[in-house]
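J.: generate coordinates for the sequence data below:
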Amino acid sequence: SDGSKNSNMVAVVSVLEDSIINIVDVYNTDRFDFSGTKSFDKKTGYRSESMLVIPLKNHEDAIIGVLQLINKKNQYSKITTFSTFDESITKALASEAAVALTKQQLIDDLEHLLESFLHSINIAIEKKSKYTAGHIEKMVSITEMITDAINSDKTVFKNKNYSDPELKEIKMAALMHDVGKISTPEYVVDKATKLQTIYDRIETVKMRGEIRKRDLEIAYLKKSNNVDKETEKVLFSNYMTTIEKIDKELSFLEEANKGSEFFNDRNIEKVKEIAKAQIMIDGIGQNWISNDELMNLTVQKGTLNDEERQIINKHAMVSLEMLKPLPFPKKYARIPEIAAAHHEHIDGSGYPLGLKGDALSFEARILAVADIFEALTASDRPYKKAKKLSESMKILYFMALDNHIDRDIVKFIYESGLYLEIARKIIPEKYIDECSIDFEY
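T.: Residues are numbered from 1 along each chain as shown. Okay, the predicted model is just below:
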């Protein structure tokens, strides 16, 4: 512990001195501490005597361990000492053992390197988007809970029996399912409002609204100059009515900018009508709301417009393109396929490949349910309000009904009570409520 050379332990000395140590009788030597060996003999009734200790060297001539042989027996089954011939033969065997150990170590190191690389990518994603990083962490947890429950189920999934490597393959696929988002612009990944780019352009719209009100005030003051009280009263009333109308329109636009599950046609027409209002900037007339702002504000679901939706949807294909070339061990070879298919739908309407029916693996179906469950129940997204558990489960139910996600998996997590177990682990208590769904359809 003080950093000094250990000269008491035979295996340590063999490594430090890179030497073969041949002992006639461990009980008749003072060079090494064999208290452990003697204690073992006392407990088991064994009698350790002759010992041969040889360093194990890998292909780089680095010592990776020792080979220790005890109690050589002759043709009469009597314990005898190890000869120099035994040393040379055992040294050759030690080389073979070192090769086998090195091979296994290289395999283990490759797996560790791969996992570390995947975690490093997720660190990069976390630096880019804390919401995506939080989503990945929770989604992996949900995937593991669903997979473990299916693996131990004795009813509908009694024929699903995953080995440890298969369970790890699914977990790693979940860990990598959003790796493609590393290429997605941050303002798209975490777009909090419809008008957000590098900043929220609703502030620009509000500023133009203030310009409208300023111009109205100037016009009112000019018109009310040198008029009688009755006319001035009418002008002021008209001026205030218009100001109040603009304030209401601004409030409406702020709400429209937040995004929602569904922005109806009536609201879209109202935004279009408001957009037509004219303002003067530097003597040039222009619409209160630009064409690009109008296009974004009239998005019906969420905050992403069609172009941005296509950009973010590309992450699944990018994930596939990033993962496919990686030299996964054979037991993990399906990670790219499983990870990239979490947005596929059973009816073929998903992406990136439009897989349909049996072409969509069961493991990818697990990831799809886990991904949607986390997204629906998330309370930390800037672009959506948190949903109650019952509402999230009903959406999952209808997605299963529409043949988008696996009905049996959704039914299983509901009827087994797993959805509640997951909810208690990943979402705040205030969003957990009673849920009643009838799967008899």
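J.: and the end-to-end length of stretch 408-424?
T.: Terminal residues of stretch 408-424 are spaced 22 Å apart (CA to CA, to the nearest Å).
J.: now swap in stretch 325-344 and tell me
T.: 21 Å.
J.: relative to the whole chain's centre, how far out is it?
T.: Computed by CA atoms, centre = their mean, to the nearest Å, the chain-centroid distance of stretch 325-344 equals 14 Å.
J.: now swap in stretch 116-136 and tell me
T.: Relative to the mean C-alpha coordinate of its chain, stretch 116-136 is positioned 7 Å out (CA atoms, centre = their mean).
J.: ditto for stretch 432-441
T.: When distances are taken as CA atoms, centre = their mean, stretch 432-441 is centred 28 Å away from the chain's centroid.
J.: okay, buried residues for it please.
T.: 432, 435, 437 (16 or more other CB atoms under 10 Å). For every residue, glycine as well, the C-beta is placed using N, CA and C.
J.: next one: the most centrally placed residue in the chain, what pLDDT does it get?
T.: Against the mean C-alpha coordinate of the chain, by CA atoms, centre = their mean, the closest residue is residue 136 at 2.1 Å. At residue 136 the predicted local distance difference test score is 86.
J.: got a list of what it touches?
T.: Neighbour list for residue 136: 122, 125, 174-175, 177-178 [criterion: CB atoms under 8 Å, 6 or more residues apart in numbering].
J.: rewinding a little: looking at pLDDT only, which of the buried residues of stretch 432-441 scores worst?
T.: Lowest in pLDDT among the buried residues of stretch 432-441 is residue 437, which has 85.
J.: does the spatially closest residue to that one that is not a sequence neighbour belong to a helix, a strand or coil?
T.: Taking CB to CB, 6 or more residues apart in numbering, and ignoring the residues beside it in sequence, residue 437 has residue 397 as its nearest neighbour in space, at 5.1 Å. The three-state assignment at residue 397 reads helix, by DSSP: H, G, I helix; E, B strand; the rest coil.
J.: residue 5 reaches residue 16, doesn't it?
T.: Yes - judged on CB atoms under 8 Å, residue 5 makes contact with residue 16 at a distance of 6.4 Å.
J.: of those two, who's got more company?
T.: Set residue 5 next to residue 16 and count neighbours by other CB atoms under 10 Å: residue 16 wins out with 14 against 9.
J.: isn't that one up against residue 4?
T.: No - taking CB under 8 Å as the contact criterion, residue 16 and residue 4 are not neighbours in contact, 11.4 Å apart.
J.: now list whatever residues contact both of these two.
T.: Between them, residue 16 and residue 4 have no joint contacts when contacts are counted by CB under 8 Å, 6+ apart.
J.: for residue 66, pull up the helix or strand it's in.
T.: strand 63-70 (DSSP states H and E).
J.: tell me what that strand is packed against?
T.: Contacting strand 63-70 under the criterion 3 or more CB pairs under 8 Å, 6 or more residues apart in numbering; DSSP states H and E are the following elements: helix 10-16, strand 51-57, helix 84-128.
J.: which parts of the second one are buried?
T.: Spelled out, that is strand 51-57. When burial is assessed from 16+ other CB under 10 Å, strand 51-57 yields the following buried residues: 51-57.
J.: now it against strand 63-70, angle please.
T.: Following axes from the mean of the first three to the mean of the last three CA atoms, to 10 degrees, one obtains 160 degrees for the angle between strand 51-57 and strand 63-70.
J.: now the residue nearest to the centre of the chain: how far from residue 61?
T.: Computed as CB to CB, to the nearest Å, the residue 136 to residue 61 distance reads 43 Å.
J.: just the strands in the stretch 151-300 of the chain please.
T.: Per DSSP state E, counting those that start in this stretch, the stretch 151-300 of the chain carries strands over the ranges 278-281, 284-287.
J.: out of these, deepest packed?
T.: The highest mean neighbour count among the strands of the stretch 151-300 of the chain, using mean count of other CB atoms under 10 Å, belongs to strand 278-281: a mean of 12.
J.: neighbouring strands for that one, and are they parallel or not?
T.: According to DSSP bridges, strand 278-281 has the following sheet partners: strand 284-287 (antiparallel).
J.: ok, and what's touching the strand it pairs with?
T.: Against strand 284-287 from outside (CB under 8 Å, 6+ apart): 275-280.
J.: CSV for the buried residues of strand 51-57, including pLDDT and distance to residue 73?
T.: Converted to CSV, the buried residues of strand 51-57 look like this (pLDDT from 0 to 100; distance: CB to CB, whole Å):
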residue, pLDDT, distance to residue 73
51, 95, 13
52, 95, 13
53, 94, 18
54, 93, 18
55, 92, 24
56, 91, 23
57, 88, 27
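J.: and the residue nearest to residue 11 when sequence neighbours are not counted, how many neighbours?
T.: If the residues on either side of it in the chain are set aside, residue 11 comes closest to residue 66, at 4.7 Å by CB to CB, 6+ apart. Other residues near residue 66 come to 18 when the count uses other CB under 10 Å.
J.: next up, the contacts around residue 66.
T.: Taking CB under 8 Å, 6+ apart, we find residue 66 in contact with 11, 14-15, 53-56.
J.: the helices and strands packed on strand 63-70: which one's closest to residue 414?
T.: helix 84-128 (29.8 Å; CB to CB).
J.: isn't residue 280 right up against residue 212?
T.: No - under the criterion of CB under 8 Å, residue 280 makes no contact with residue 212, lying 9.1 Å away.
J.: okay, now the unreliable bits of the stretch 51-200 of the chain?
T.: Scanning the stretch 51-200 of the chain for pLDDT under 70 picks out 130-133.
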